[in-house]
Structures are given as C-alpha cells and as structure tokens.
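Trainee: Please work out how this folds:
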Amino acid sequence: MSQRESRRRWRTTRRIDLRAQLGPLRRGSGDPTWHSESGGAVWRTTLTPDGPGSERIVADPSTGEVVQSAWGPGARWLTDRLPRLLGDDDEPAGFEPPQVLAAAARRYRDWRVGSTDRVLEALIPAILEQKVTGKEAWFGWRTLVRKFGEVAPVPVGGPERLRVFPTPEVWQQIPSWEWHQAAVDSKRATTVLRAVRQSDGLEKLRWVDHSAAHERLRLISGVGIWTAAETAQRALGDADAVSYRDYHLAQEIVYLFTGDRNGTDEQLAQLLTPFAGHRYRIQRLAELSGYQRPRRGPRMTVHDMRSF
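Mentor: As a prediction, the model looks like this:
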C-alpha cells in the first residue's frame, strides 16, 4: 500500500445505511464530488487539511462492518475520521421522536448526525443555494467545481469524473464572468468570496461549541440563520440546527404535525421546542420519511442568471 493510500475496516453495533447517513453531503444529481455505485458503495472527495482526498465506503448492514479505502495526500486524514463522518460521536440519548415520525425513527434507528469537519465545503454550497431552486444551485455547484476543482486522486478503474473542492485561493481567483456562466448572481458570489477570505478561522469552528459556531458563521455578511444551520448540520454534526427560513421546511413539518397547510417559522419553532437539543433530528427524519405536504401553491421560479 502506498503512502497515498489508506484503508480501514470499522465495525459498529449500528446497521449503517450509507444513503441515509451521507445523503445530505450530495449536492444534486451529477455532483462532481460524489459517486454512488449500484451496489451501495459511495465515493466522495474532500479537500482535507493535508490536501485532496478521495474515499470509497462500503457498509454491510447485516454485520455492522464498514470498509473504507482512501487515496491522495488526504487519505490518512479521511480514514482517521471515518467513525465521526458516520455519526459515531453523535449522542441521541434522551431523544423521543413524536408519534408522527415514529415509523421513520424505527426504520432509521441507527442513523446519526455525522460531521465532515470541513466547514468551507459545507458553507459554499449552502451559499449557492440561497433563495434559488435546488436545480439552479446544483447547476452552479457542478459548473464551478468541474471547472476549478482538481481532478480527484482515484485508483485505476475508479470514477474519473470526480473532482475535489477548490482551494480558497482558487475560489478567490474565479473571474466574474465564470460566476455568471454558472448562473450565480453577484450577491451570492460576493458572499462566497467573503467566506473564503476567512477560511482559516472558519475551519477551527469544530473546536468551539455549536452556539458559538453559529454566531461566528453569521458574522459573515450574507450568511444568515438558514445558511449557518445547513453548514453546522453537515460540517459540525449539530443535531439541534434547524434550517429556519427554508422555502418549504416550516410548511412541511407544521403540516405533518398539525395538518395546517400554511405553517410558519414561528409555528415550527414552537412545535420543536420540546425537542431542544435534537431539533435537526426531527428535520432529517421528516426528510427520510419521504413525507411531502400536498402541493397547491406556486413553486419557486427557476431563473437563468446567465440571461441577465
């Protein structure tokens, strides 16, 4: 095994469903940092503190065994953090799911809130998703990472299309017309640039408590409660981070709990108060349940920013 390849076998009492566990890290179809095999294996790439890294993870739910292979300068960093990525540091003790999510809680009883420990990698796509449709945001993400991300270190026979999240220096050098071609408006592009200029400090947020991390993220002009929560859920494993001000979330969960079609963030906050410390669990279980409120109102309009 070369110095740039690392492998790990990890056994847990949990029956890990990789799609459920790692799904929030995938940014739409065609995400250049993600590849899933028909047999269930997941490939992902990360810009680690040691450099680019790629990993392939396979989980056997019948035995609780997880096998990980990693490549590139960041290979050892990735294998060292496999349990944390899969939520082994998460503590769901004391969480009692509401009756409306009891079936989902049973089905996904081994799901945990994982942590990537890479703040910028969670923050930038969240910024790209601000106040646009997922389709628009994912187009921008795919376009920018494919063009400016380094080719991922994968073995012969691995998925060749994979790219690694660009470095802060590369993000800062992206010309304005490239943002435009990626359908990213100047407001979101400017927010990304503000964030990457603070990347060193942001990557240290894993060492502070979650409340302080949210406060620090929201000091960045253009980063609000939604963006900070989406970042903390993925990068920091924050089980209490709710995506308030989401276009659909309040309506979905309020309807699930009460049948009210016109739920607000205020109602959502009130409903989630008894679950303090575990409020993101409610959000994620609702997503995993597959439940959707019947649609009647207009959907968010897709804008092609390249035409402006």
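Trainee: For K131, give me the pLDDT.
Mentor: At K131, the pLDDT value in this model is 89.
Trainee: can you check M300 too?
Mentor: In this model, M300 carries a pLDDT of 50.
Trainee: Over to G297?
Mentor: For G297, the predicted pLDDT is 53.
Trainee: next one: P294
Mentor: The predicted local confidence for P294 is 69.
Trainee: Can I take it that V113 is in a strand?
Mentor: No. With DSSP: H, G, I helix; E, B strand; the rest coil as the criterion, V113 is coil rather than part of a strand.
Trainee: Hmm, G237 and it touching each other?
Mentor: Yes. Here V113 reaches G237: they are 4.8 Å apart, a contact under CB atoms under 8 Å. Backbone N, C-alpha and C define where each C-beta goes, glycine included.
Trainee: Common neighbours of the two, please.
Mentor: The contact sets of V113 and G237 overlap at G87, D90 (CB atoms under 8 Å, 6 or more residues apart in numbering).
Trainee: got any ranges where the stretch 101-250 of the chain has weak pLDDT?
Mentor: For the stretch 101-250 of the chain, applying pLDDT under 70 flags no range at all.
Trainee: What's the mean pLDDT across the biggest strand by length in the chain?
Mentor: Ranked by residue count and defined by DSSP state E, the top strand of the chain is strand 51-60. Taken as a whole, strand 51-60 has an average pLDDT of 98.
Trainee: So R7, which state does it fall into?
Mentor: strand.
Trainee: if I pick it, what's in contact with it?
Mentor: M1, V67, Q68, S69, A70, T79.
Trainee: The last one reaches S6, doesn't it?
Mentor: I take that to be T79. Yes. With contact defined as CB under 8 Å, T79 reaches S6; the gap is 4.4 Å.
Trainee: Now list whatever residues contact both of these two.
Mentor: With CB under 8 Å, 6+ apart as the test, T79 and S6 both reach A70.
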